[in-house]
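# Take a look and give me a structure for this.
(2 chains)
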Amino acid sequence: GAVVSQHPSWVICKSGTSVKIECRSLDFQATTMFWYRQFPKQSLMLMATSNEGSKATYEQGVEKDKFLINHASLTLSTLTVTSAHPEDSSFYICSATGGEGYFTEAFFGQGTRLTVV
Amino acid sequence: GNSVTQMEGPVTLSEEAFLTINCTYTATGYPSLFWYVQYPGEGLQLLLKATKADDKGSNKGFEATYRKETTSFHLEKGSVQVSDSAVYFCALNRDDKIIFGKGTRLHILP
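Below you'll find the predicted structure:
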């Protein structure tokens, strides 16, 4: 199946700094990538949808200026958490759809655990 | 709007027991339906899917049938193992957006 790689797997940063998380589709071209946030023992909350070469579409309640998403190529999307605060600590997961033929399913990265201290 | 409702957990079963995790959906048209599994500390893996009514998805002993008349996609397994302990998410794909249920945590006791 298609592989999505997310990096880093975990990161600890100081409050006020910015952190970038990468999401790559390794063996297919991802026309659409999604970013989710997952709180402990809870479901995934969709943060935004990004299409290659265009601006991301953010879900209601998600701060665009805080969670910067860039989908510069068909194989890479990045999420930058700017001026991180402890409440931004969470598990962030990306997923991707697209490729030859029509993918009705999404393929997920392994997730990034962010801890802001 | 589109939504997915699944039974709340945690669900605790003994090894070799029969498993059912209920999932119902609300959607316009005919969405594709999925079950994803998340093992501790990991991302999500697709467990099975069904793209049209009456389709049955199956994988690793798990099965789910797309029931349009009851808008359901219940997950079943005849004999669970300790290694099946994980969180299971029911989801639908509509307009290229994946909508997840809240997840059901499954504990299998040896």
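
# residues from chain B in reach of chain A?
Counting by Cβ under 8 Å from any Cβ of the partner chain, chain B comes close to chain A at B:32, B:34, B:36, B:41-46, B:49, B:51, B:89, B:93, B:96-103, B:105. All C-beta atoms are positioned from the backbone trio N, CA, C, and that covers glycine.

# So for residue B:51, what's the nearest residue that isn't a sequence neighbour?
Among residues not flanking residue B:51 along the chain, residue B:32 sits closest, at 4.6 Å (Cβ to Cβ, 6 or more residues apart in numbering or on different chains).

# Was I right to think the one you found contacts residue B:50?
Yes - with contacts counted by Cβ atoms under 8 Å, residue B:32 reaches residue B:50, the gap being 7.1 Å.

# sorry, back to before: if you look at the residues of chain B next to chain A, which of them are in strands?
Counting by DSSP state E, the residues of chain B next to chain A place B:32, B:34, B:36, B:44-46, B:49, B:89, B:93, B:97-100, B:105 in strands.

# Restrict those residues to the buried ones and give me that as a ChimeraX selection.
The buried subset of those, as determined by 16 or more other Cβ atoms under 10 Å in any protein chain shown, is captured in ChimeraX by this line:
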select /B:32,34,36,44,46,49,89,93,97,98,99,100
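
# Lowest-confidence one in the ones in strands among the residues of chain B next to chain A?
Minimum pLDDT for those is recorded at residue B:97 (74).

# How about that residue: what's its closest non-neighbour residue?
residue A:49 is the one closest to residue B:97 (Cβ to Cβ, 6+ apart), at 6.6 Å.

# what's across from the one you found in the sheet?
Per DSSP bridges, the residues bridged to residue A:49 are residue A:34, residue A:57.

# What confidence value was assigned to the residue in chain B sticking out farthest from the centre?
No residue in chain B has its C-alpha farther from the mean C-alpha position than residue B:110, which lies at 22.5 Å (Cα atoms, centre = their mean). Note for residue B:110: predicted pLDDT of 94.

# Roughly how far does it sit from residue B:75?
Here the criterion is Cβ to Cβ, to the nearest Å. By it, residue B:110 lies 22 Å from residue B:75.

# Same question for residue A:36.
Taken as Cβ to Cβ, the span from residue A:36 to residue B:75 is 21 Å.

# how about low-confidence regions in chain B?
B:96 (pLDDT under 70).
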